[in-house]
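K.L.:
I'll drop the sequence and a predicted model, then ask my questions.
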Amino acid sequence: LLVASQFTHAQDWPTKSLTWIVPFAAGGPTDAMARDIADKVSRQIGQPIIIENTPGAGGTIGAAKAAKARADGYTFLVGHLGYMGAGPALYKKLNYDPVKDFEAVFRFPDTPLVMLVGKSSPYKSAGDLIAAAKAQPGKINFSNAGVGSTSHLIAALFAAKAGIDVTQVAYKGAAPAINDLIGGQVDAMFDQTNTALPQVQGGRLNAIALTSLTAMPQQFPSVAPLAEKALPGFEAATWYGLYAPKSTSKDVVQKMHQAYLKALTDKAWTTRMVGQGIQLLPEAQYAPDVFAKYTAAEVERWRKVVNDAKIQLD
Ligand code: MLT
């Protein structure tokens, strides 16, 4: 009887609104991306998708909440390379396992990052900032979206590769971290292109380096990739995706994935994302099984990266 009722349930799904947990403050890149995709997927499945911001500890608080949610097809987690990739290597006690406690549903497109500084900053390039950090170790402050967030990890990797010592200041998301950068309380920050772009175009912040391998002349004219001069070979982008608590019905996962693929056929939408610097992926990479394998591989890869770069929870 129980099996039968669950089956009927999956057949009818969705009969009510869904919740996507975003484990950062509203207004940041994860939130912006999640709201945009949720809006498009919601139209396909015919039910509203509510974004629930559950910030703190670099996304690990929201992820733990999602891991414990009922696997009834109505609660999902928007995950990214931090708490779903690097998390196990960084946090000694993590209340969830990105692989064992979740079903991968679909991967989002990737988003590279931009190094931002204030309008009156003396640093006009990554080289300027590296030289200043070498002259005064620890003096330059980078704001980030929380310990283990992308902004934290990429700043730590940048510092490790450049051989400099910077001070990291954690916030509950990129949005409050950006506010303090605009306010001049901190010196620099790595933010995803989708939310960095309006700040740069609006004249509130300067972009001085990109983490993409190639330049982005349309979005960030005359901003050099780190790989070009300061740090040859350096490349980073945030991967994101949707997860459901373990044991969520395969049928629900497939329906969500199909709804997403259908939404992605909207060329006006994908063109707008590309205009924000977002990188579309080959369709096969969005699939649940491919994304599950990717997540597991990322957890392993980050163990080595965190170890090699000696990234710590400071
Ligand atoms: C990050 O740095 O991990 C994200 O930008 C977090 C956020 O969306 O606020």
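P.N.:
Now that the structure is in, tell me what you want to look at.
K.L.:
could you list every residue that touches the closest residue to K65 other than its chain neighbours?
P.N.:
Distance criterion Cβ to Cβ, 6 or more residues apart in numbering; nearest residue to K65, sequence neighbours excluded, is T54 at 5.7 Å. (C-beta placed from N, C-alpha, C; glycine too.) Going by Cβ atoms under 8 Å, 6 or more residues apart in numbering, T54 touches I21, V22, P23, I61, G62, K65.
K.L.:
ok, now with 6 Å
P.N.:
If you count contacts by Cβ atoms under 6 Å, 6 or more residues apart in numbering, T54 has them with I21, P23, G62, K65.
K.L.:
Pull up the gap between the last one and the ligand, please.
P.N.:
In this case it means K65. 16 Å (Cβ to the nearest ligand atom, to the nearest Å).
K.L.:
again with the second one
P.N.:
Distance check for P23 against the ligand: by Cβ to the nearest ligand atom, it reads 8 Å.
K.L.:
likewise the third one?
P.N.:
Between G62 and the ligand the distance is 11 Å, computed by Cβ to the nearest ligand atom.
K.L.:
distance of T15 from Y123?
P.N.:
For T15, the distance to Y123 equals 54 Å [Cβ to Cβ, to the nearest Å].
K.L.:
err, V274, not the other one
P.N.:
28 Å.
K.L.:
When those two are compared, which one has more neighbours?
P.N.:
Y123 (21 against 14; other Cβ atoms under 10 Å).
K.L.:
What sits closest to that one if chain neighbours are left out?
P.N.:
That would be L129: by Cβ to Cβ, 6+ apart, it lies 4.3 Å from Y123.
K.L.:
Tell me which helix or strand the one you found sits in.
P.N.:
helix 126-135 (DSSP states H and E).
K.L.:
what does L242 give?
P.N.:
strand 240-245.
K.L.:
Only the buried residues of that strand, if you could.
P.N.:
Y240, G241, L242, Y243, A244, P245 (16 or more other Cβ atoms under 10 Å).
K.L.:
give me the low-pLDDT residue ranges for the stretch 1-150 of the chain?
P.N.:
1-10 (pLDDT under 70).
K.L.:
And the residue of it that's closest to the ligand?
P.N.:
Scanning the stretch 1-150 of the chain for proximity to the ligand using Cβ to the nearest ligand atom identifies G28 as nearest, at 2.6 Å.
K.L.:
Number of residues surrounding that residue?
P.N.:
Neighbour tally, G28, other Cβ under 10 Å: 28.
K.L.:
Leaving out sequence neighbours, find the closest residue to it.
P.N.:
G28 sits nearest to A174 (Cβ to Cβ, 6+ apart), 3.7 Å away.
K.L.:
Phi, psi for the one you found please.
P.N.:
Backbone torsions for A174, taken as degrees, to the nearest 10, come to phi -70, psi -30.
K.L.:
How much space separates it from the ligand?
P.N.:
Following Cβ to the nearest ligand atom, the distance that separates A174 from the ligand is 3 Å.
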